[in-house]
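Novice: kindly return the folded structure for what I paste below:
(2 chains)
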Number of protein chains: 2
Amino acid sequence: MGFRQSTATLAMGRHTVLLLLLAFLTLREVIPVPLALRALSNLHRSASFTSRPAVPTKYTVHYLQQKVDHFGFTTDKTFKQRYLLADEHWKKDDGSILFYTGNEGDIVWFCNNTGFMWDVAEELKAMLVFAEHRYYGESLPFGNNSFKDSRYLNYLTSEQALADFAVLIKYLKRTIPGAKNQPVIALGGSYGGMLAAWFRMKYPHMVVGALAASAPIWHFGNLVPCGVFMKIVTEDFRKSGPNCSETIHDSWGAITRLARTGSGLHWLSEALHLCTPLRNSQDVQHLKGWISETWINLAMVDYPYESNFLQPLPAWPIKVVCKYLNNPSLSDAQLLQNIFQALNIYYNYSGQARCLNISETTTSNLGTQGWSYQACTEMVMPFCTNGIDDMFEPRSWNFREYSDDCFKQWGVRPRPAWITTVYGGRNISSHSNIVFSNGELDPWSGGGVTKDITDTLVAITIPEGAHHLDLRARNAFDPTTVLLARSLEVRHMKQWIRDFYASQRKKH
Amino acid sequence: MGFRQSTATLAMGRHTVLLLLLAFLTLREVIPVPLALRALSNLHRSASFTSRPAVPTKYTVHYLQQKVDHFGFTTDKTFKQRYLLADEHWKKDDGSILFYTGNEGDIVWFCNNTGFMWDVAEELKAMLVFAEHRYYGESLPFGNNSFKDSRYLNYLTSEQALADFAVLIKYLKRTIPGAKNQPVIALGGSYGGMLAAWFRMKYPHMVVGALAASAPIWHFGNLVPCGVFMKIVTEDFRKSGPNCSETIHDSWGAITRLARTGSGLHWLSEALHLCTPLRNSQDVQHLKGWISETWINLAMVDYPYESNFLQPLPAWPIKVVCKYLNNPSLSDAQLLQNIFQALNIYYNYSGQARCLNISETTTSNLGTQGWSYQACTEMVMPFCTNGIDDMFEPRSWNFREYSDDCFKQWGVRPRPAWITTVYGGRNISSHSNIVFSNGELDPWSGGGVTKDITDTLVAITIPEGAHHLDLRARNAFDPTTVLLARSLEVRHMKQWIRDFYASQRKKH
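Specialist: Numbering: from 1, shown residues only, chains lettered A, B, ... in the order given. Just a heads-up that it's a prediction; the model follows:
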């Protein structure tokens, strides 16, 4: 396991997470769009870096003509869905098919960064399939126009994506000799994990089981408290160093006080080495949002080994950051100087950055646009903070404001009750063969399934795990708990495969 | 149980069946639309007759604002879905909710004609809910324009209908005090039975089980031979009298021979007492289609007691019809005179008809229009005959022709592979709590589930049953097998209800 492979998968965490986070960030910001765009400009850079994995992944690229609308017949328009195949270890006799249910990004990216599937392919005699999610990567139903108009975006839903997966699996079984009578297992992380779980729920005839890693399927409606996410972020910082979360908690007031005067704004801009000086209270709000995002990202990628993200990061980065945030009894200025040191770990571990950039960019990224739309339609995840259970400034969940922002941006209104109506909310016990894995460090675990529901709907928790650590490639610094999690996951998958072949034999 | 109640439910059989049959009729006819329209003009009459049940059913009428498009966000348009409630026997403590998944017709019609639900309401302490299917009855998403344009019809799919049901159940649970913690069971017959089964498959969090009566969920793709339907129709006639099916088999050639000359056409028109004389070979094709439809309808409503349909019918009507069709060794003219006697049983049992009407009408009926569209999009049921295993003229399944007809009529192309992709085809064993009931006399049983799949996916067959006889009200002439079927169905439903309350108790 080379170092670069690790960094590659590390970046995936942020990628996925950032997109899932748009819902939250949208809310936190006075002007929601620019922050999203800025986030993605980072993303863009990281993507190009980390799509070169250390261990070359050997796959072939394919395209399947899919209906743009599986649920309506007025349009017969089709588009090309991209998917990747790797069959080096596949056995036609008693093998299996591991099917990655692509989420909100380029599928090559996911393919190169889901080391777990590559690591277990031989043991499961598995063909690997990575299916790109419509409206991401190259799978654009209306080409460059896909995001131009809400009419073009109308087919960007989880239901359409699941239907694409079903059609693709049926096609693969029909066309690849030997694939027909093989068990297929869905795998995915984050939103991709939700899709894997939902795919097993809605299309159990297509997959014998699903591994849903870090899938916050309950971060909808009022299934979990809206503050759970930021509470876990806070807990990560609280546990990583004395006074760490308290220091951050106090920093917001310090910023507010310093920003009251022109000279304070100037001082803040200098102290934080910002590329563009702060001019007004709106800039200060952006600064706070940008800093919050940094802590959130650190919580999600708090991995146990050194890694390269937007900037290189040390192992257990929060611990390193917290070394600078151990004394809350300081003046506002001293506090902010320490905050800068902490931010500098995240943004300038390599020492190359001349300044820290919180400015908005107009760079566009399909992934982010797509997720922004999804967050404004189906994927309504309520977030809030109260400054008591968490280290952030209090902010309530304001659906009306959220909905108005969505309408301004996309011309659509979110339907917050829909996901639980269609996918069952907490009432999913009649399904089977889904493993829900969650890292306890991962803020998304708050919306995940962390207790067994039945014998075949099982939860695996990884105490030292951040966002879908288990899907990443093996690493010498993996904690024992993630090794255990992966071996449990393999055990479940093997059981599903055995059950499948046993029932096949019964039929004949 | 009064006589009129029985006749009311009898009519439902034809109603449902006729619509399901459009797929077939479309194929058989050179010009598909008119026959459909004719069928529906009959329907229209029968509907107004049989919507007056003998035992007044006490229900209240309600409307729920539903999204026109559950699967897209461009339109936020809503429409009013009608549903009926009856809670006379409902118990809030340990009761249940029986939810009729409305099919292709007016829901008042189904409500008044699903006597089984009314008969078991007290025993199951059940609230009855009858939900109207979108695009039928009063639940028209675009009012009078609903069928004017394929763009308006775009939201007429089984998936949208199931989503309506889910939203409705969620709404009822939220708004009716005492309903929240009650088990809901889906029930339906024919297409409504398919919807009940699919609803349990796709929304198991909404219903604890489903009773799918005479639901041909496998009459799609190549899951069953395309000839199975007409083979069962033929078998019904074969068993109902000596030489009966042979006589019908021979009648087609006799018609062809007689129709070769102008005088033969004239004689045929007179002998069959047709209201409008036959003019050409196209008329003769229509005649054959109309006669075929008569035999099909008789097979579906071959109920064990006297009943009133389009015209009054005797008990076991095929037996009565077959009395006229017991001698195949006759001249063509004699044979056709006997065919007339047989048709006359079906169309003129009351002796009131002056002539038999096979002419096309331009009368419109929403139900038929809707089903015609559904048959041209999702509900592609292949039908064929070979004249060897069945008593009809040979006709192969020609998908291209079918598709072209659909395109001409609605501007859409059917997607024959979709239903099995989305609902699983034969691979449904991972689901649970569905009772599939089928009458062995019912031609639709050929596409139904007639063998247990698992312990909780069970098949009940009723040897003396025609189309969903079990959903009809109790009748003194019910054969023992249907009584047994109903009691088994109740036993399953009680088990689901018990399991639900047991798991509720465990939670608390």
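Novice: you'd agree A:Q341 is up against A:Y324?
Specialist: Yes: between A:Q341 and A:Y324 there is a contact at 3.9 Å, judged by C-beta atoms under 8 Å. The way it works is simple: take the backbone N, C-alpha and C, and place the C-beta from them, glycine included.
Novice: so which of those two has more stuff around it?
Specialist: Remark: of A:Q341 and A:Y324, A:Y324 carries more neighbours, 19 against 14, as counted by other C-beta atoms under 10 Å in any protein chain shown.
Novice: and the pLDDT at the more buried one?
Specialist: Predicted confidence (pLDDT) for A:Y324: 96.
Novice: same question, A:M12
Specialist: At A:M12 the predicted local distance difference test score is 30.
Novice: circling back: mutual contacts of A:Q341 and A:Y324, please.
Specialist: In terms of C-beta atoms under 8 Å, 6 or more residues apart in numbering or on different chains, A:Q341 and A:Y324 are not both contacted by any residue.
Novice: tell me how far A:M381 lies from chain B.
Specialist: Distance of A:M381 to chain B, computed by C-beta to the nearest C-beta, to the nearest Å: 16 Å.
Novice: how far does stretch A:77-93 stretch from one end to the other?
Specialist: Start to finish, the residues bounding stretch A:77-93 are 38 Å apart (C-alpha to C-alpha, to the nearest Å).
Novice: now do the buried residues in that stretch.
Specialist: For stretch A:77-93, a neighbour-count test (16 or more other C-beta atoms under 10 Å in any protein chain shown) marks A:79-87, A:89-90 as buried.
Novice: among those, which lie within strands?
Specialist: For the buried residues of stretch A:77-93, membership in strands holds for A:79-86, with DSSP state E as the criterion.
Novice: still on that earlier bit, please list which of the buried residues of stretch A:77-93 also come close to chain B.
Specialist: With C-beta under 8 Å from any C-beta of the partner chain as the criterion, the subset of the buried residues of stretch A:77-93 in contact with chain B is empty.
Novice: quick one: distance of the longest helix along chain A to the chain centre.
Specialist: Looking only at chain A and at elements set by DSSP state H, the helix with the highest residue count is helix A:480-507. In terms of C-alpha atoms, centre = their mean, to the nearest Å, the centre of helix A:480-507 is found 25 Å from the chain centre.
Novice: which positions in it come out as buried?
Specialist: In helix A:480-507, counting by 16+ other C-beta under 10 Å, buried: A:481-482, A:485-486, A:489-490, A:492-493, A:496-497, A:500-501.
Novice: could you do stretch A:343-350 as well?
Specialist: By neighbour count with 16+ other C-beta under 10 Å, stretch A:343-350 contains the buried residues A:343-349.
Novice: and these, which is closest to B:T114?
Specialist: Among the buried residues of stretch A:343-350, A:Y346 lies closest to B:T114 (C-beta to C-beta), at 64.5 Å.
Novice: quick one: the closest one and A:I296 touch, right?
Specialist: No: counting by C-beta under 8 Å, A:Y346 sits too far from A:I296 to count as a contact (11.0 Å).
Novice: which residues of the stretch 401-508 of chain A fall in helices?
Specialist: According to DSSP state H, counting those that start in this stretch, the stretch 401-508 of chain A carries its helices in the segments A:418-423, A:480-507.
Novice: let's have those in a markdown table, adding mean pLDDT and distance to chain B.
Specialist: Rendered in a markdown table, the data for these read as follows (pLDDT from 0 to 100; distance: least, C-beta to the nearest C-beta, whole Å):
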| stretch | mean pLDDT | distance to chain B |
| --- | --- | --- |
| helix A:418-423 | 98 | 5 |
| helix A:480-507 | 96 | 8 |
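Novice: out of these, which comes closest to B:F229?
Specialist: Nearest to B:F229, of all the helices of the stretch 401-508 of chain A, is helix A:480-507, at 25.7 Å by C-beta to C-beta.
Novice: list the helices and strands that closest one packs on?
Specialist: In terms of contacts (3 or more C-beta pairs under 8 Å, 6 or more residues apart in numbering or on different chains; DSSP states H and E), helix A:480-507 is packed against helix A:115-120, strand A:184-189, strand A:209-213, strand A:434-439, strand A:457-462.
Novice: same thing but 10 Å
Specialist: strand A:96-101, helix A:115-120, strand A:184-189, strand A:209-213, strand A:434-439, strand A:457-462 (3 or more C-beta pairs under 10 Å, 6 or more residues apart in numbering or on different chains; DSSP states H and E).
Novice: now these in JSON lines, with mean neighbour count and distance to chain B?
Specialist: Formatted as JSON lines, the helices and strands packed on helix A:480-507 follow (neighbours: other C-beta atoms under 10 Å in any protein chain shown; distance: least, C-beta to the nearest C-beta, whole Å):
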{"stretch": "strand A:96-101", "mean neighbour count": "27", "distance to chain B": "15"}
{"stretch": "helix A:115-120", "mean neighbour count": "22", "distance to chain B": "23"}
{"stretch": "strand A:184-189", "mean neighbour count": "30", "distance to chain B": "12"}
{"stretch": "strand A:209-213", "mean neighbour count": "30", "distance to chain B": "10"}
{"stretch": "strand A:434-439", "mean neighbour count": "29", "distance to chain B": "11"}
{"stretch": "strand A:457-462", "mean neighbour count": "21", "distance to chain B": "12"}
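Novice: can you list these in JSON lines and add mean pLDDT and distance to A:T276?
Specialist: Output for the helices and strands packed on helix A:480-507, formatted as JSON lines (pLDDT from 0 to 100; distance: least, C-beta to C-beta, whole Å):
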{"stretch": "strand A:96-101", "mean pLDDT": "98", "distance to A:T276": "39"}
{"stretch": "helix A:115-120", "mean pLDDT": "96", "distance to A:T276": "38"}
{"stretch": "strand A:184-189", "mean pLDDT": "98", "distance to A:T276": "35"}
{"stretch": "strand A:209-213", "mean pLDDT": "98", "distance to A:T276": "38"}
{"stretch": "strand A:434-439", "mean pLDDT": "98", "distance to A:T276": "35"}
{"stretch": "strand A:457-462", "mean pLDDT": "98", "distance to A:T276": "40"}
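Novice: low-confidence stretches in chain A?
Specialist: Applying pLDDT under 70 to chain A picks out residues A:1-56, A:308-311, A:359-367.
Novice: per-domain residue ranges of it.
Specialist: By the record's domain assignment, chain A is partitioned as A:60-217+A:428-506, A:226-415 (the TED database).
Novice: ok, back up a step: of the buried residues of stretch A:343-350, which is the nearest to B:M300?
Specialist: After measuring these against B:M300 - C-beta to C-beta - the closest member comes out as A:Y346, at 71.2 Å.
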